[in-house]
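Visitor: have a look; sequence and predicted model below, questions after that.
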Amino acid sequence: MDALIDKLKGEIIEQLNLEDVKKEDINNDAPLFGDGLGLDSIDALELIVLLEKNYGIKVANPQDGKKIFQSIRTMAEYIQANQK
Amino acid sequence: MSTKNYISAICSIKNGKVFVNNTLDYTFTESNEPIDFFKSVYKHYQLNYPKFYKMDSLSKLAFIASEILLKTQAISKEHTPENIAIIIANSASSLEIDTEHQQTINDKANYFPSPANFVYTLPNILIGEIAIRNKIKGENTFFIFDKFDTLFMSSYINSLLNSKKASICVAGWVDFYENHYEANLYLVENSEKGLKSKHTAEELNKRITNN
């Protein structure tokens, strides 16, 4: 899980152009949206594309996004449970 | 041509150089990559706006030019948001990011368009970025010309100011395509401030091609 979380942080920083953010700045359990990393709605769409492109996982129900993208850890758990 | 409107400030960015009011203000020589230059300008002028990194190249260029221009004058203190207009033109439209977006949808088997890129596939988005950053709510228009048409731009903006549709205008040219870039943004208002340069096509030709 730790390796996946670390990889995911790198992918998010690159995909979302979080230029001033380093892996160690991202708390595994901090909210990705709002107070945490301060991501916006376009970033949410980018995260959906990232899951599909890098892990072959399609988020079929947009309502699930709230739970999946709550934090880096919830994202990693979702990938682990759904990756084929 | 006679006018009662004046250019009060100009910011020009091209060839790794930043000019403020036709005076060289910053030079970057460490790389020929425009993006490296834009990031260097962002850091040099301490422009604290993380969304800058998410913008496409065209909006990045417009953003840094507008930030430097608007540092010369606190326009929001003297003008209401509804009275500040933004009128900008270019030649390449948003072709740079359009091409990048197209490449992500060419192959049906590898079809991963980036939403973050897609939102920039219109040139007037750069006006939106400037407006959001500065809480500007006035008239705005983006024109596409072969080259900067100073006669059209000066007539259009003078008409806006003379008819009281705006009391000040952020105007100019912002173009980016295949690593060629140029930004010339200036402020036009109906009182003599800053440069006190008459807002005419002749004066624009002189000031914008002078650097």
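Guide: Cool, the structure landed.
Visitor: what residues does chain A have near chain B?
Guide: By CB under 8 Å from any CB of the partner chain, the residues of chain A that approach chain B are A:16-20, A:38, A:42-43, A:45-46, A:49, A:52-53. Placement of C-beta: from N, CA and C, glycine included.
Visitor: are any of those residues buried, and which?
Guide: Among the residues of chain A next to chain B, those scoring as buried are A:Leu16, A:Asn17, A:Leu18, A:Ile42, A:Asp43, A:Leu45, A:Glu46, A:Val49, A:Lys53 (criterion: 16 or more other CB atoms under 10 Å in any protein chain shown).
Visitor: turn the residues you listed into a markdown table, columns for secondary structure and pLDDT.
Guide: Formatted as a markdown table, those follow (DSSP: H, G, I helix; E, B strand; the rest coil; pLDDT from 0 to 100):
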| residue | secondary structure | pLDDT |
| --- | --- | --- |
| A:Leu16 | coil | 94 |
| A:Asn17 | coil | 91 |
| A:Leu18 | coil | 91 |
| A:Ile42 | helix | 93 |
| A:Asp43 | helix | 94 |
| A:Leu45 | helix | 93 |
| A:Glu46 | helix | 95 |
| A:Val49 | helix | 94 |
| A:Lys53 | helix | 94 |
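Visitor: ok, the residues you listed vs B:Ser40, which is closest?
Guide: B:Ser40 lies nearest to A:Asn17 out of these, by CB to CB, at 16.5 Å.
Visitor: so who does residue 67 touch?
Guide: The chain I'm using is chain A. By CB atoms under 8 Å, 6 or more residues apart in numbering or on different chains, the contact list for A:Lys67 reads A:Thr74, A:Tyr78.
Visitor: hm, I was asking about chain B
Guide: Neighbours of B:Glu67 in contact, by CB under 8 Å, 6+ apart: B:Tyr45, B:Leu47, B:Tyr49, B:Arg133.
Visitor: residues of the longest helix belonging to chain B that come out buried?
Guide: Ranked by number of residues, the top helix in chain B under DSSP state H is helix B:57-71. By neighbour count on 16+ other CB under 10 Å, the buried set for helix B:57-71 is B:57-70.
Visitor: and B:Ala9, what are its bridge partners?
Guide: Taking DSSP bridges as the rule, B:Ala9 bridges to B:Leu187.
Visitor: I'd like the distance between B:Phe52 and B:Gly16.
Guide: Here the criterion is CB to CB, to the nearest Å. By it, B:Phe52 lies 18 Å from B:Gly16.
Visitor: neighbours around B:Phe112, how many?
Guide: Neighbour count of B:Phe112, defined by other CB atoms under 10 Å in any protein chain shown: 12.
Visitor: again, but for the one 10 residues further on
Guide: If you count neighbours by other CB under 10 Å, B:Leu122 ends up with 15.
Visitor: what's near enough to touch the nearest residue to it once chain neighbours are set aside?
Guide: Nearest residue to B:Leu122 in three dimensions, chain neighbours excluded: B:Ser94, at 5.7 Å (CB to CB, 6 or more residues apart in numbering or on different chains). Taking CB under 8 Å, 6+ apart, we find B:Ser94 in contact with B:Asp56, B:Leu58, B:Tyr120, B:Thr121, B:Leu122, B:Pro123, B:Ile125.
Visitor: next step: these restricted to helices.
Guide: Among the contacts of B:Ser94, the members falling in helices (DSSP H) are B:Leu58, B:Ile125.
Visitor: of the contacts of B:Ser94, closest to B:Asn22?
Guide: Nearest to B:Asn22, judged by CB to CB, of those is B:Leu58 at 23.6 Å.
Visitor: need the pLDDT of B:Leu187.
Guide: Looking at B:Leu187, its pLDDT is 98.
Visitor: isn't it up against B:Asn5?
Guide: No: at 10.5 Å, B:Leu187 does not count as touching B:Asn5 under the criterion of CB atoms under 8 Å.
Visitor: what about the two, which has more around it?
Guide: B:Leu187 (25 against 22).
Visitor: please name the residues that touch the more buried one.
Guide: Per CB under 8 Å, 6+ apart, neighbours of B:Leu187: B:7-10, B:69, B:72-73, B:75, B:168-171, B:194.
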